[in-house]
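K.L.:
Sequence first, then the predicted structure:
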Amino acid sequence: MRILLTGRNGQVGFELQRALAPLGEVLAFDRAGLDLADETAIRARLRDLRPDAIVNPAAYTAVDRAETDSETAEAINAVAPGVLGEEAERLGALVIHYSTDYVFDGQATGFQREADPTGPQGVYGRTKLAGEQALARTGARHLIFRTSWVFGAHGANFLKTMLRLAAEREALSVVADQIGAPTAASLIADVTAHALRQALREPASVPDGVYHLAAAGETSWHAYASHVIAGARAAGRPIRVAEDAIRPIPAADYPTPARRPANSRLDTEKLRNTFGLVLPHWRDGVDHVLQQIL
């Protein structure tokens, strides 16, 4: 199998290079090698390489910057998935694409299912939802994995930011009224490899469409930060902030250009049943990455 992978330097793309390697030849590109803002370049690259599968973790993920750079976010998040789908349909290739909890308005009270009404609150969420829809319209075989609160040992993320700030500051204020499940990039990559293999070997068992992919359990940003910092302290890392100096605050006290969903919980039953998987608790992934980093 020949697999074209975008965004190789991102958190998920980095892990996908490892996870996909046993399935065949992985042709991995960063933005310099495949600029998703350039429709002509996308079509030329795909027609030259003729992959059997296209895995697209690349995205414009600067949520706040997207509010003022909507043109670039639109090109990468909304237009490019449709272009990938059109070329995949020509080639008979499968597309695996990634989306986000930001397609919802975050006001639901429970875990959100794939078919629940969407309502993105900012440019990032709107463009990611438009990308889902553009890919689906092409008629190409596709799987769309919506995920949330991604972290890993590679790249920048909330976990690493908390480790740095805990070593620098005597007190921290962390949002406590936004709920989700921190999801390891390695988990996303491993599930992707399993799903890709099953989709190509047993296509009748894997319907096209959207699947929610997130770790089990739920937490707030404040509880997540407290768990990370406690783990680092237990591992002997120099930590300046005291245990009782990690202050919970409402999101209203930490305004940002783009609104964050209050509820990022994703119901993963469809994915677990389709692919026969058990998704580990978010703490398992966090503890494993802490071991890698510390």
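P.N.:
Great, that's in hand.

K.L.:
Going by C-alpha atoms from here, please, whenever you check contacts or count neighbours.
P.N.:
Noted.

K.L.:
For residue 99, which non-adjacent residue is spatially closest?
P.N.:
Excluding its sequence neighbours, the residue lying closest to residue 99 (CA to CA, 6 or more residues apart in numbering) is residue 146, at 4.3 Å.

K.L.:
what ranges of the stretch 51-200 of the chain fall below the confidence cut-off?
P.N.:
Applying pLDDT under 70 to the stretch 51-200 of the chain flags no residue at all.

K.L.:
what about the strands in it?
P.N.:
Secondary structure of the stretch 51-200 of the chain by DSSP state E, counting those that start in this stretch: the strands cover 53-56, 94-100, 141-147, 150-151, 172-175, 179-180, 183-184.

K.L.:
which residue ranges form the helices in the stretch 151-294 of the chain?
P.N.:
Per DSSP state H, counting those that start in this stretch, the stretch 151-294 of the chain carries helices over the ranges 158-168, 185-201, 221-234, 269-275, 282-293.

K.L.:
and the second one, C-alpha only, in CSV?
P.N.:
It refers to helix 185-201. Only the C-alpha atoms of helix 185-201 are listed here, as CSV (Å, rounded to 0.1, in the frame of the first residue of the first chain):
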residue,chain,number,x,y,z
ALA,A,185,-1.7,11.9,19.5
SER,A,186,-0.3,8.4,19.7
LEU,A,187,-3.8,7.0,20.5
ILE,A,188,-5.2,8.9,17.5
ALA,A,189,-2.4,7.4,15.3
ASP,A,190,-2.8,3.9,16.5
VAL,A,191,-6.6,4.0,16.0
THR,A,192,-6.1,5.4,12.5
ALA,A,193,-3.8,2.6,11.5
HIS,A,194,-6.3,0.0,12.8
ALA,A,195,-9.2,1.7,11.0
LEU,A,196,-7.3,2.1,7.7
ARG,A,197,-6.4,-1.6,7.6
GLN,A,198,-10.0,-2.6,8.4
ALA,A,199,-11.5,-0.2,5.9
LEU,A,200,-9.3,-1.5,3.1
ARG,A,201,-9.6,-5.2,4.0
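
K.L.:
Check which helices and strands it sits against.
P.N.:
With contacts defined as 3 or more CA pairs under 8 Å, 6 or more residues apart in numbering; DSSP states H and E, the packing partners of helix 185-201 are helix 11-20, helix 269-275.

K.L.:
repeat that with 7 Å
P.N.:
Here helix 185-201 touches helix 11-20, going by 3 or more CA pairs under 7 Å, 6 or more residues apart in numbering; DSSP states H and E.

K.L.:
For the next helix or strand after the helix it packs on, which outside residues touch it?
P.N.:
Next along the chain after helix 11-20, taking DSSP states H and E as the criterion, comes strand 25-28. By CA atoms under 7 Å, 6 or more residues apart in numbering, the surrounding residues in contact with strand 25-28 are 1-6, 8, 20.

K.L.:
Lovely, talk soon.
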